[in-house]
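Chemist: what follows is a predicted protein model with its sequence.
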Amino acid sequence: NNMTIGLPTTAWEVMPAIGDEIAAYDESDRLIGSTTFNGDHIALTVWGDDLTTDAKDGLAIGEKVTFKLWNSDMNTESTLVVTKWDAGSDVYTIDGISIASNITLSGDTSADAYKLYQNVPNPFNGTTTIQFYVPENVEVTIGVYNMLGEYVAEVTNEIFNAGKHEVSFNGSDLGQGTYFVRMTTESFTATKNMNIIK
């Protein structure tokens, strides 16, 4: 007695970060399902009410599901709104399958803030992915520094549109150890540790 909700990676207007949590609630704000974003398509199972008990412990038929996204880096919660469905809807049906085709976030306090995310994977051998968010069109420089603060590699130096972006970095030319990834714009600087293993 449950329902599966598909959240494909192609549906997100702004992709969540790996580790962000997506939770589903019934109309009484009771948690009825959750999952953690791992960079892939999501199949979120939400629980229906067990009709053999008096207590309401899940969704009733015809009840609307609401969603929230918890940003693990920023420690902020946003309302996740599915504006379009490929199949089904946000109304509960027993053993139903709904697939979202467009997902937006509202009430996201991080939308006005610059953000540098932790590279994934980390530690890494070879190539890693660095994600960042900019609230406006801006020139972004991302460089890699060693423990002495010496500049050892450029990741990117170009103008990006407002939104979330990702760039790849190949660390094959660098020795094993801890490095710093520094993102710089005209008004913002952030640094993350990065570990290369061989």
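Modeler: Structure received. Residues are numbered from 1 along each chain as shown.

Chemist: ok, residue 40 to residue 161 distance?
Modeler: According to CB to CB, to the nearest Å, residue 40 and residue 161 sit 25 Å apart. The way it works is simple: take the backbone N, C-alpha and C, and place the C-beta from them, glycine included.

Chemist: after the one helix or strand residue 129 maps to, which helix or strand is next?
Modeler: Per DSSP states H and E: residue 129 is located in strand 127-134. Counting by DSSP H and E, the element after strand 127-134 in chain order, helix or strand, is strand 138-145.

Chemist: other SSEs contacting that next one?
Modeler: Applying 3 or more CB pairs under 8 Å, 6 or more residues apart in numbering; DSSP states H and E, one finds that strand 138-145 contacts strand 127-134, strand 151-160, strand 163-170, strand 177-184.

Chemist: and the ones you listed, which is most packed in?
Modeler: The highest average neighbour count among these, using mean count of other CB atoms under 10 Å, belongs to strand 127-134 at a mean of 20.

Chemist: what helices or strands is it leaning on?
Modeler: Checking 3+ CB pairs under 8 Å, 6+ apart, strand 127-134 ends up next to strand 115-116, strand 138-145, strand 163-170.

Chemist: between those strands, which gets nearest to residue 24?
Modeler: Among the helices and strands packed on strand 127-134, the nearest to residue 24 by CB to CB is strand 163-170 (22.9 Å).

Chemist: pull that closest one out as PDB, backbone CA atoms only.
Modeler: Output in PDB follows, covering the C-alpha atoms of strand 163-170 (Å, rounded to 0.1, in the frame of the first residue of the first chain):
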ATOM      1  CA  GLY A 163      22.400  29.200 -11.500                       C
ATOM      2  CA  LYS A 164      24.200  26.100 -10.500                       C
ATOM      3  CA  HIS A 165      27.200  24.900 -12.500                       C
ATOM      4  CA  GLU A 166      29.700  22.100 -12.500                       C
ATOM      5  CA  VAL A 167      33.200  21.800 -13.800                       C
ATOM      6  CA  SER A 168      35.600  18.900 -14.000                       C
ATOM      7  CA  PHE A 169      39.100  18.900 -12.700                       C
ATOM      8  CA  ASN A 170      41.800  16.400 -13.600                       C
END
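
Chemist: and the angle from that strand to strand 138-145?
Modeler: Here the directions of strand 163-170 and strand 138-145 differ by 30 degrees (axes from the mean of the first three to the mean of the last three CA atoms, to 10 degrees).

Chemist: quick one: strands adjacent to strand 163-170?
Modeler: Partner strands and pairing direction for strand 163-170 (DSSP bridges) are strand 127-134 (antiparallel).

Chemist: and the angle for the partner strand with strand 177-184?
Modeler: Using the same axes, to 10 degrees: strand 127-134 against strand 177-184 is 30 degrees.

Chemist: quick one, strand 127-134 and strand 151-160 angle?
Modeler: Relative orientation of strand 127-134 and strand 151-160, computed by the same axes, to 10 degrees: 50 degrees.

Chemist: what is the mean pLDDT for strand 127-134?
Modeler: The pLDDT scores in strand 127-134 average 93.

Chemist: next one: stretch 12-28
Modeler: 86.
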